[in-house]
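Asks: sharing a sequence plus its predicted fold:
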Amino acid sequence: MSLNKLTIADARDLLKKGEVTSVQLTEACLSAIESADALNAFVHKTPEIALERAKAADARIAQGDAPSMCGIPVGIKDLFCTEGVPSQAASNILKGFKPEYESTVTTQLRDAGAVMLGKLNMDEFAMGSSNESTCYGAAVNPWRREGETTPLTPGGSSGGSAAAVAADLCLGATGTDTGGSIRQPAAFTGTVGIKPTYGRCSRWGIVAYASSLDQAGPMTKSVRDAAIMLQAMAGHDAKDSTSADIAVPDFEAALTGDIRGQKIGIPREYRVDGMPADIAKLWEDGTAMLKDAGATIVDISLPHTKYALPTYYVIAPAEASSNLARYDGVRYGHRASLSSGEGINDLYEKTRAEGFGPEVQRRIMVGTFVLSAGFYDAYYNRARKVRALIKRDFEQAFEAGVDAILAPTTPSAAWGLGEMKDANPVEMYLQDVFTVTLNLAGLPGVAVPAGLDAKGLPLGLQLIGKPWGEAELLNTALVLEQAAGFVSKPAKWW
Ligand code: GLN
């Protein structure tokens with residue numbers, strides 16, 4: 001088997017036994033990346049850094065100092081600041097920006113010995129569900145509908161991360177999730193993605209979208225790999241006041257495969273109108289699998305679910321409009337050139353008009369509107385109140401003894417590039433119906449590939465856990481992964 005196809009867990013074990021080197025693994029990934037330009041997943045390649053780090057990792061392993069991520073080649077979403085390496089959040093406004101510093105999450109990965117292969121495509125500032133809103137051009141899903149060549153979206157915003165993992169260009173990748181950006185692309189590409197509890201991973205050095213919702217997490221080929229990679233990414237950071245000073249459990253050790261006696265809630269409000277039969281069936285099958293593994297299944301109600309999308313699409317743009325005010329052409333990246341007689345306001349306006357893409361401009365306008373004096377109470381304040389009710393729904397379910405909640409990850413399989421983008425933008429927002437609730441409530445959620453639809457495209461199930469319950473959640477995800485036995489890979493065309 002080509003080394004780039006290994007899981008993190010298998011590569012780690014082979015590295016420890018001395019049967020492969022990190023340089024070999026890294027070279028295999030670099031050559032896979034070279035022949036995968038059609039996927040447009042890696043947008044800044046860093047082969048020199050990768051090989052240098054791989055050599056250092058091999059030396060470390062030879063000395064017997066080998067944390068689990070040591071020597072493992074990974075891709076990094078372009079939203080993470082990486083020292084001396086372009087970090088553009090897929091935006092023209094950050095063109096040429098090479099941070100002087102490294103984000104906490106990527107620092108932790110680097111210190112654990114992980115090997116950065118390069119930066120991954122995404123939706124601009126993580127706003128989107130299709131990776132089409134990007135200064136680099138869309139990332140492409142390695143999966144295709146059976147018998148068709150229509151290019152499909154890998155999902156978004158972490159579309160490059162998902163495509164790269166699914167196509168075996170790297171062993172794992174970082175993603176971020178504000179309203180589904182780890183879980184939805186994972187579901188669209190047959191990979192695993194976990195959004196941890198808000199505060200589990202430091203946000204320091206990650207370009208901000210909506211600060212009260214953003215969380216980093218791993219995107220991997222298996223649940224075990226997600227546990228291993230999250231371990232290296234998580235933990236308290238004094239530089240992020242919202243990162244929690246809570247001990248990080250041993251996620252991999254929690255993977256016992258035993259969920260007997262667990263109570264799994266099935267939320268009736270997630271049974272939305274027009275749900276495709278494939279997805280309804282997948283959800284039923286997943287429920288049966290957890291039951292067979294010894295869990296008790298209970299119907300639950302999360303009554304405020306129907307308000308989650310409008311609430312999210314008020315809060316996220318509001319926070320984004322404030323966060324993005326810093327891109328003024330003075331400090332970072334792109335700066336518009338001025339004609340004689342133009343002043344500082346022209347500099348701001350021209351820079352922002354040239355640098356931000358249409359979706360980002362739309363969100364800034366919506367955000368500014370809902371925060372404006374006349375509408376603040378009607379929109380932003382009301383959304384904050386509804387957010388508290390959505391969170392309360394989950395708390396009540398957990399108080400009633402539910403350990404985890406099972407739902408689909410997305411209301412459809414991957415769609416064709418252009419199909420959704422050209423429609424009304426609200427059409428695309430509606431696709432986030434099953435994912436945004438967790439971000440509003442701050443809860444962890446994991447997407448597990450669980451089957452194929454009638455056209456041969458992967459579909460994902462989502463498990464939602466209690467705050468700080470990632471270890472238990474990953475264990476339940478492992479049971480689902482094993483029972484579903486999803487082993488399909490996209491047929492190589494790129
Ligand atoms: N699709 C959602 C949005 O556009 C979520 C994106 C994300 O999680 N970053 O806001």
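Replies: In hand now; what should we look at?

Asks: pLDDT at the residue lying closest to A280 once chain neighbours are set aside, what is it?
Replies: If the residues on either side of it in the chain are set aside, A280 comes closest to R271, at 7.6 Å by CB to CB, 6 or more residues apart in numbering. Every C-beta, even on glycine, is put in place using the N, C-alpha and C of the backbone. For R271, the pLDDT comes out at 93.

Asks: please enumerate the helices of the stretch 101-250 of the chain.
Replies: 104-111, 159-166, 183-189, 223-233 (DSSP state H, counting those that start in this stretch).

Asks: OK, contacts around L282?
Replies: 408, 450-451, 459, 461 (CB atoms under 8 Å, 6 or more residues apart in numbering).

Asks: can you rerun that using 10 Å?
Replies: For L282, the contact set (CB atoms under 10 Å, 6 or more residues apart in numbering) comprises 276, 408-409, 450-453, 459-461, 484.

Asks: repeat for T311
Replies: Contacts of T311 (CB under 10 Å, 6+ apart): 304, 379, 382-387, 389-390, 436-437, 440.

Asks: which parts of the stretch 201-350 of the chain are strands?
Replies: With strands called from DSSP state E, counting those that start in this stretch, the stretch 201-350 of the chain shows them at 215-220, 263-267, 296-300.

Asks: chain center to the longest one, what's the gap?
Replies: I take that to be strand 215-220. How far strand 215-220 lies from its chain's middle: 5 Å, per CA atoms, centre = their mean, to the nearest Å.

Asks: what lines up beside that strand in the sheet?
Replies: strand 172-177 (antiparallel), strand 192-195 (antiparallel) (DSSP bridges).

Asks: columns mean neighbour count on top of these, output as TSV?
Replies: Listed next are these as TSV, based on neighbours: other CB atoms under 10 Å:
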stretch	mean neighbour count
strand 172-177	30
strand 192-195	33
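
Asks: so which of those is nearest the ligand?
Replies: The ligand sits nearest to strand 172-177 of all the strands paired with strand 215-220, at 4.9 Å, using CB to the nearest ligand atom.

Asks: only the buried residues of stretch 326-343, if you could.
Replies: 327-329, 332-336 (16 or more other CB atoms under 10 Å).

Asks: now what about that stretch, what contacts it?
Replies: So stretch 326-343 is in contact with 86-89, 91-99, 125, 207-208, 344, 346-356, 360, 364, going by CB under 10 Å, 6+ apart.

Asks: buried ones from those, can you make that a ChimeraX selection?
Replies: To isolate the buried members of the contacts of stretch 326-343 in ChimeraX, using 16+ other CB under 10 Å:
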select :86,87,88,89,91,92,93,94,97,99,125,207,208,347,348,350,351,352,355,356,360,364
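
Asks: out of the contacts of stretch 326-343, list just those in strands.
Replies: Judged by DSSP state E, these include no members of strands.

Asks: circling back to that earlier point, so among the contacts of L282, where is pLDDT lowest?
Replies: Where pLDDT dips furthest among these: P276, at 91.

Asks: residue contacts, that residue?
Replies: 282, 408, 411-413, 453-454, 459.

Asks: spatially central residue in this structure, please.
Replies: I182 (2.0 Å; CA atoms, centre = their mean).

Asks: what's near enough to touch that one?
Replies: 77, 155, 157-158, 161-162, 173-176, 191-196, 215-219, 226, 435, 445-447.

Asks: try 8 Å
Replies: 158, 161, 175-176, 193-195, 217, 219, 447.

Asks: circling back: can you redo the strands paired with strand 215-220 as JSON lines with distance to S321 and mean pLDDT?
Replies: JSON lines is the format used below for the strands paired with strand 215-220 (distance: least, CB to CB, whole Å; pLDDT from 0 to 100):
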{"stretch": "strand 172-177", "distance to S321": "19", "mean pLDDT": "98"}
{"stretch": "strand 192-195", "distance to S321": "23", "mean pLDDT": "98"}
